[in-house]
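Visitor: kindly return the folded structure for what I paste below:
(chains A, B and C)
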Amino acid sequence: MNNPLFLLYGVLLLGATGYLEYTGKSFDRINQQRVLPKSIRDNPGAYRSTYGGYSRYIGGK
Amino acid sequence: MSAPTSNCPNCGAPVTFRWSSAIQTTCEFCHSILIRTDLDLKKVGEVADLPADASPIQIGTEGVLDNKGFVVIGRIIYEYEQGGWNEWHIVFNDNSNAWLSDAELEYDVSWLAPQHQIPVIGRGSECILANRAYTVTSITKAHYKGVQGELPFEYWDKSDVAFADLRTPTGEFATIDYSEKTPLLFLGRSVEFDDLHFKNLRRFEGWTS
Amino acid sequence: MSTTLVSQSLVKAKSLSCPNCGTPIELRGFAHTLSAVCPSCLSILDASNPELQILQTYQGKERIEPKIPLGSRGTFNGTVYELIGFEQRSVQTPDDYFSWDEYLLFNPYKGFRYISEYCGHWNVIRVQSRVPYPTTARGRRGWVLDARKFAAFDAMQAATSYVIGEFPWQVRLGETAACEDFIAPPYMLSSETTAGETTWSLGEYWEGSKIWQAFRLPGKPPSPQGIFANQVSPYAGKTGAAWRMWLWFNVALFTLMTIFNLTKANKEVFHDEYSYAYFKNHDTSFVTPAFQLDGVNKNVEVRFHADIRNDWIYLSMALINDETGQTFDFAREVSYYVDSDGSEGSRDNRVVIPSVPAGRYYLRIEPEMVTGALSTRYEISVRRDVPIYSYFWIAAALLLIPPIVTWFRSNQFEARRWRESDYRPVDSPVMKIAGGIIESLGDD
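Guide: Below you'll find the model as predicted:
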């Protein structure tokens, strides 16, 4: 075995990749797992998103 | 194999030939050089005391080469500017013969190559022999220092002789002997001590073989 | 076979006395020894002559002690050899002087071997009767022996600067030879030319600890300084192995990606088109019809496309569970500009929301565009349980790091090796820059 460190590194890397993929995790910016009242469905304008308004948008896709 | 026995014409001691094709031998006891004629042995000269040499091989040493057993029956000793070497005459159990050279404990075996065109060479030059590319590694002016045991030809009291050694990258070895009018070519290869499975070697104080 | 001619006598080492100082000398090389150095007065004596004529007296002042004592016996490849001679050789160039040590080993059956030592680096050497085959290596004359390619490393005039012990040749202080070294680590092929005759030797790199073990010497060998010509790289073979492992990991990664691709539902649960028109002081937010999200805590992808040109649209959205009121807030901008040089931005964007519990959901959408923008068409679609490919691309990129690091460090080692050579290679621009960075990092 010439490169035991590489083997470990690769196994960990593939393991991490598999785990992330399996759990469907993403690193996109998602926020606020809040619970909203049902009334929003009928009155969407009443909901104020944390992302509301481009003027407050700081950057990053 | 029957070993024909005669008597030394000089001192009367028994002289045994191990090899049927031997032309010359030396008397163990009086060191006379004896030539074998049809009828008996003729003394042609004497060997002065052989120079002290450190070859681990001696007359009677046995070994194995190419799955054939051999025994050392004679030698020619040469000296040159940087030292000396032994050409041991060996005979196989199928009665063929060859030369085992010991030069500072580097061993080569070679066989007389009949009817070969001897190329014109200089040191470092290349030539083709028996379909192989050889490089000339040394040209040596040596002088004969002595003989011992059975030889396949008459050989004594030579003065300077010239030899050329040629080698290949894979261990093949060739040597050209310029001592005769017609140079002689020998073809062979280098061999390792271990591969010869020697027996009856000389013993050195403080060493086991 | 008759054995009457077999000599049973034992060859003994000759004992003589130095004609200069009378010190007894024992010749351990038997009749091979042609010159011997008196251990006391360091005169070089002609051993081929029984009178031991003096060939050269020692004019120097210092005595050099060999690192391995003369007379030591060591085992090499199963054979015992005795150390009978020591020679220090030196090279003097206009701007440099260096020397190395050579030890002569002897076995009356197997012959001679040499050990060389330079700055703690050892080589076990055997003179070759074979001649190597010429070739080209690294743009210069190289040699092939035993199917190995040897590249030219250095060439020098080496002088004998100190001797002690015995030698099977006529040794002289000050005698020089033209030496050339060719390397194929761990081997080194050296040629030595004196008076037109060239001798080839093949050396193998040995670590000091291995030499000490062979001789069973006490203590520790000297520590090696720097990197030696034929020293084995600790990365030898590692680069190829690293790339092979990298390949297998990529295969595994691709398999993993395929498995997820096949097992994820990736089901579109909602798709609709809208048109945005600005009305002053009018609230633009609205909600979509509800849709069902199956599966336990899978992710949700919301994709949007806007038919805009040289404009932007900002969508602030919320995914709301109709039954529980649980909300996921997010916002994205879609901007797209085109001019004569090319385009910037994209008409599409997407968000992936992880771990959304199953249930009935709807979207609340609040679009915003530059005041006074004309009517703009845009689409929104929602997919349940999507594969995220970016993880695989990131993993693939990260997988590249170990083999590249190994490759780089291996190259660095070789660069250090070749920096010692007379024939320094020309670095590629990449290696020059990288090497410069590495060197500056090490300067702290």
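Visitor: for residue B:12, give me the pLDDT.
Guide: Model confidence at residue B:12, given as pLDDT, is 89.
Visitor: cool, residue C:281 as well?
Guide: Note for residue C:281: predicted pLDDT of 66.
Visitor: how close does the nearest residue to residue C:63 once chain neighbours are set aside get to residue C:60?
Guide: The shortest distance from residue C:63 to any residue that is not its chain neighbour, by Cβ to Cβ, 6 or more residues apart in numbering or on different chains, is 7.4 Å, and that residue is residue C:42. For the C-beta atoms, the positions are set from N, CA and C on the backbone; glycine is no exception. Distance from residue C:42 to residue C:60, counting by Cβ to Cβ, to the nearest Å: 8 Å.
Visitor: neighbour count: the two, which is higher?
Guide: Neighbours around residue C:42 and residue C:60, counted as other Cβ atoms under 10 Å in any protein chain shown, are more numerous at residue C:42. The numbers are 21 against 10.
Visitor: ramachandran angles for that one?
Guide: Taking degrees, to the nearest 10, you get phi 60, psi 20 for the backbone angles of residue C:42.
Visitor: roughly how far does it sit from chain A?
Guide: Going from residue C:42 to chain A by Cβ to the nearest Cβ, to the nearest Å gives 50 Å.
Visitor: residues contacting the residue in chain B positioned nearest to chain A?
Guide: Residue of chain B nearest chain A, by Cβ to the nearest Cβ: residue B:169 (32.3 Å). The neighbours of residue B:169, taking Cβ atoms under 8 Å, 6 or more residues apart in numbering or on different chains as the test, are C:130-133, C:144-145.
Visitor: can stretch B:20-32 be found next to chain C?
Guide: Yes. Contact of stretch B:20-32 with chain C is found when judged by Cβ under 8 Å from any Cβ of the partner chain, involving residue B:28.
Visitor: flag every buried residue along that stretch.
Guide: By 16 or more other Cβ atoms under 10 Å in any protein chain shown, the buried positions in stretch B:20-32 come out as B:22, B:24-28, B:30-32.
Visitor: regarding chain C, what is its longest helix?
Guide: With DSSP state H applied, the helix covering the greatest number of residues in chain C is identified as helix C:238-263.
Visitor: for the helix or strand following it, name the packing helices and strands.
Guide: In the C-terminal direction, the helix or strand that comes right after helix C:238-263 (DSSP states H and E) is strand C:267-276. If contacts are counted by 3 or more Cβ pairs under 8 Å, 6 or more residues apart in numbering or on different chains; DSSP states H and E, strand C:267-276 sits against strand C:291-293, strand C:359-369, strand C:376-384.
Visitor: pick the most buried one from these.
Guide: When these are scored by mean count of other Cβ atoms under 10 Å in any protein chain shown, the highest mean neighbour count falls to strand C:359-369 (a mean of 21).
Visitor: so what does that strand touch, helix or strand wise?
Guide: Counting contacts by 3+ Cβ pairs under 8 Å, 6+ apart, strand C:359-369 packs against strand C:267-276, strand C:286-287, strand C:291-293, strand C:311-321, strand C:376-384.
Visitor: adjacent strands (with direction) for it?
Guide: Note on strand C:359-369: by DSSP bridges, its sheet partners are strand C:286-287 (antiparallel), strand C:291-293 (antiparallel), strand C:311-321 (antiparallel).
Visitor: then it to PDB, C-alphas only?
Guide: Output of strand C:359-369 as PDB, limited to C-alpha atoms (Å, rounded to 0.1, in the frame of the first residue of the first chain):
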ATOM      1  CA  GLY C 359     -47.000  17.100   2.400                       C
ATOM      2  CA  ARG C 360     -49.100  19.600   0.400                       C
ATOM      3  CA  TYR C 361     -47.200  22.800  -0.400                       C
ATOM      4  CA  TYR C 362     -47.700  26.000  -2.300                       C
ATOM      5  CA  LEU C 363     -45.300  28.800  -3.300                       C
ATOM      6  CA  ARG C 364     -45.700  32.400  -2.300                       C
ATOM      7  CA  ILE C 365     -43.900  34.500  -5.000                       C
ATOM      8  CA  GLU C 366     -43.100  38.200  -4.900                       C
ATOM      9  CA  PRO C 367     -41.300  39.300  -8.100                       C
ATOM     10  CA  GLU C 368     -39.600  42.700  -8.500                       C
ATOM     11  CA  MET C 369     -38.100  44.400 -11.400                       C
END
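Visitor: follow-up on the earlier one: list the buried residues in the longest helix of chain C.
Guide: Here helix C:238-263 shows C:238-239, C:241-242, C:245-246, C:249-250, C:252-253, C:256-257, C:260 as buried, counting by 16+ other Cβ under 10 Å.
Visitor: same check, this time on stretch C:23-38
Guide: Across stretch C:23-38, burial judged by 16+ other Cβ under 10 Å covers C:25, C:27-38.
Visitor: show me what the mean pLDDT comes to for that stretch.
Guide: The predicted model gives stretch C:23-38 an average pLDDT of 94.
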